[in-house]
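Colleague: Using only what follows, build the 3D model:
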Amino acid sequence: MKNKRDLGLLTVTHGVNDMYQGAIPALLPFLQAGRGYSYTLITGITLAATGLSSLIQPLVGLLADRRPLSWLIPAGMVTAGVGVGLSGLGDAYVWTWFAVALAGIGLAAYHPAGAMAARTLGGGDARSMSVFAVGGNIGVALAPLYVSVVINGAGVSGTWLLALPAVVMGAVCLVTRRSWRVTTTTHPGTAGVERHAGQAGHSDDWRAFGTLSVISVFWSIPYVVMGSLAALYVISRFGVSAATGSATLTAFTAGGVVGTLAGGWSAERWGRLAALRYGYLVSALAVAGVVLMPEIAGVLVCAFLYGTVLFVPFAAQVTLAQDYLPTRIGTASGLTLGVTLSAGGLLSPLFGMLADAWGVRAVLATLIGILLVPAALAWRLPEPRAAEGQPTGGHSNRPDVMSPQSDQAQESR
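Modeller: Numbers count the residues shown, from 1 in each chain. Next comes the predicted model:
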């Protein structure tokens, strides 16, 4: 019961944090309309949010395996908010680029610590991870609406208002002195449960983890490309306003909320590997609908369906990665989430150049083929090796080993 409350608060911080992940693509149509940026420059801003984070997030995961870094949960969230808040205060493209890069650093710092905390609070099952993940999806889904209200009311220079939720939530964490004590496999203060897994023969499966990392790359590309170009696609194809175009992004991210919850449920019912295999296949069909539907209403429906089925594999991927590397939970979280959030962003300028050359509709059509790659690779993934006396498939018999502590109590440990 205590853990449910703690997981709930952690999920709220995830929602606030990931709202800034969604705010960056939501800002792009307004930046293009107000400053005349090309698709290449627009996707360069997406690169700013992911370039440094692709390096930082795995390093944070490695460090998290050695010492508790739970303070990064509020610190990363606030940094992400401040970066987005600064993004519109300067007219120069370089200012916006570096401000968004700062936000990306905050997003990268938050996720490994947050995922480890969610795993320990939830006992490692896919449903608990999906609850944590859906908090982020809700934040991403609310971002276009929040950005539209702020920018339509205050202009691009009013982006400082976007930082307020992070500042408020950071103050809540400070006032409540809420800290999540993340157990690790190598830290001296670790409860013996995680360490026991390695001693009982639950070894790391780097080959399966490598295959899953490749799958994560091919999840990231369709996610980031659709997030960066969906609103611009509808604006260019149907001649609607930036605010109306953002409705496509809202439909896509709202579908992610539904898909994350459905993914956790389906992974528990039919297995995590099934969630991956069939989620990617149906995603390819949904993208085809986005590209081929002749009316904007049909595009919105298909964008919602695409977000739903694309996120079905998400929670399963994170818990599978942690189970493939049971002695390196932080590394697994950092690498998987780092790849998931960053790989597509690193390639986004390429897709921006292609959009300038071919048109954004043709670029979105390439996602159909891209999604078939992880669908095929998912059939090569094995079930994680079970430690002696423990089940596979994301369930765990572990006792609760994590609870909120005051900062003073944690330091005394």
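Colleague: State the mean pLDDT of stretch 98-117.
Modeller: Averaged over stretch 98-117, pLDDT sits at 85.
Colleague: same check, this time on stretch 22-33
Modeller: Here stretch 22-33 scores 85 as its mean pLDDT.
Colleague: And for it, what's in contact with it?
Modeller: 37, 42, 45-46, 49, 84, 87-88, 96, 100, 103, 139-144, 146-148, 151, 156, 159, 162, 227-228, 230-232, 235, 242, 245-246, 249, 253 (CB atoms under 8 Å, 6 or more residues apart in numbering). Every residue, glycine included, has its C-beta placed from N, CA and C.
Colleague: try 7 Å this time
Modeller: Applying CB atoms under 7 Å, 6 or more residues apart in numbering, the contact partners of stretch 22-33 are 37, 42, 45-46, 49, 84, 87, 100, 103, 139-141, 143-144, 147, 151, 156, 162, 227-228, 231-232, 235, 242, 245-246, 249, 253.
Colleague: Tell me where the protein is predicted with low confidence.
Modeller: For the chain, the stretches flagged by pLDDT under 70 are 1-2, 51-55, 57-58, 61-62, 64-69, 122-127, 177-202, 333-334, 337-342, 385-413.
Colleague: about what we covered before: which members of the contacts of stretch 22-33 occur in strands, if any?
Modeller: Among the contacts of stretch 22-33, DSSP state E puts none in strands.
Colleague: Okay, residue 97 and residue 48: tell me how far apart.
Modeller: Using CB to CB, to the nearest Å, residue 97 is found at 5 Å from residue 48.
Colleague: Likewise for residue 321?
Modeller: 26 Å.
Colleague: try residue 20
Modeller: Taken as CB to CB, the span from residue 20 to residue 48 is 13 Å.
Colleague: between these two, who's got more neighbours?
Modeller: Neighbours were counted for residue 20 and for residue 48 using other CB atoms under 10 Å; residue 20 has more, 31 against 24.
Colleague: Near the closest residue in space to residue 280 that isn't next to it in sequence, how many other residues are there?
Modeller: Closest residue to residue 280 apart from its sequence neighbours, by CB to CB, 6 or more residues apart in numbering: residue 375 at 3.7 Å. Around residue 375 sit 20 other residues, with neighbours defined as other CB under 10 Å.
Colleague: so what's residue 375 up against?
Modeller: Listed by CB under 7 Å, 6+ apart, the contact set of residue 375 reads 277, 280-281.
Colleague: Out of the residues you listed, which end up buried?
Modeller: Buried by 16 or more other CB atoms under 10 Å: 277, 280-281, out of the contacts of residue 375.
Colleague: Which one of the residues you listed is nearest to residue 346?
Modeller: Nearest to residue 346 among the buried ones among the contacts of residue 375, counting by CB to CB, is residue 280 at 20.5 Å.
Colleague: Would you agree the closest one is in contact with residue 374?
Modeller: Yes - counting by CB atoms under 7 Å, residue 280 does reach residue 374; the two are 4.8 Å apart.
Colleague: Using the three-state scheme, assign residue 382.
Modeller: Assigned with DSSP: H, G, I helix; E, B strand; the rest coil, residue 382 falls in the coil class.
Colleague: Now it, what are its backbone angles?
Modeller: Backbone torsions of residue 382, given as degrees, to the nearest 10, read phi -90, psi 170.
Colleague: quick one: it and residue 207 touch, right?
Modeller: No - applying CB under 7 Å as the test, residue 382 and residue 207 come out as separate, 8.9 Å apart.
Colleague: Secondary structure and distance to residue 74 added to the contacts of residue 375, as a markdown table?
Modeller: Shown next, in a markdown table, are these (DSSP: H, G, I helix; E, B strand; the rest coil; distance: CB to CB, whole Å):
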| residue | secondary structure | distance to residue 74 |
| --- | --- | --- |
| 277 | helix | 37 |
| 280 | helix | 34 |
| 281 | helix | 39 |
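Colleague: mind giving me JSON lines with those residues and columns for distance to residue 325?
Modeller: As requested, the contacts of residue 375 are exported to JSON lines (distance: CB to CB, whole Å):
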{"residue": "277", "distance to residue 325": "21"}
{"residue": "280", "distance to residue 325": "22"}
{"residue": "281", "distance to residue 325": "27"}
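Colleague: From the contacts of stretch 22-33, which land in helices?
Modeller: Using DSSP state H, 42, 45-46, 49, 84, 100, 103, 139-141, 143-144, 147, 151, 227-228, 231-232, 235, 242, 245-246, 249, 253 are the members of the contacts of stretch 22-33 that sit in helices.
Colleague: Count residues in the vicinity of residue 353, would you?
Modeller: Residues lying near residue 353 (other CB under 10 Å) number 16.
Colleague: which SSE is it in?
Modeller: Using DSSP states H and E, residue 353 sits within helix 329-358.
Colleague: what's around residue 312, how many residues?
Modeller: Residue 312: 28 surrounding residues under other CB under 10 Å.
Colleague: what's the answer for residue 239, then?
Modeller: Applying other CB under 10 Å, we find 10 other residues in the vicinity of residue 239.
Colleague: Let me see the backbone angles for it.
Modeller: Residue torsions, per degrees, to the nearest 10, at residue 239 are phi 70, psi 30.
Colleague: quick one: it from residue 301, how far?
Modeller: 20 Å.
Colleague: mind checking how far residue 144 is from residue 227?
Modeller: Separation of residue 144 from residue 227 (CB to CB) stands at 10 Å.
Colleague: Look up how far residue 136 lies from residue 350.
Modeller: Residue 350 is 26 Å from residue 136, by CB to CB.
Colleague: which of these two has more neighbours?
Modeller: residue 136 (27 against 15).
Colleague: I'd like the next helix or strand past whatever helix or strand that one lives in.
Modeller: Per DSSP H and E, residue 136 falls inside helix 126-154. Downstream of helix 126-154, the next assigned helix or strand under DSSP H and E is helix 164-176.
Colleague: the inter-axis angle of that following helix versus helix 126-154?
Modeller: 130 degrees (axes from the mean of the first three to the mean of the last three CA atoms, to 10 degrees).
Colleague: Out of the contacts of residue 375, flag the one nearest to residue 222.
Modeller: Residue 222 lies nearest to residue 280 out of the contacts of residue 375, by CB to CB, at 9.1 Å.
Colleague: which residues touch the closest one?
Modeller: Neighbouring residues of residue 280 by CB under 7 Å, 6+ apart: 313, 371, 374-375, 378.
Colleague: burial count for residue 172?
Modeller: 15.
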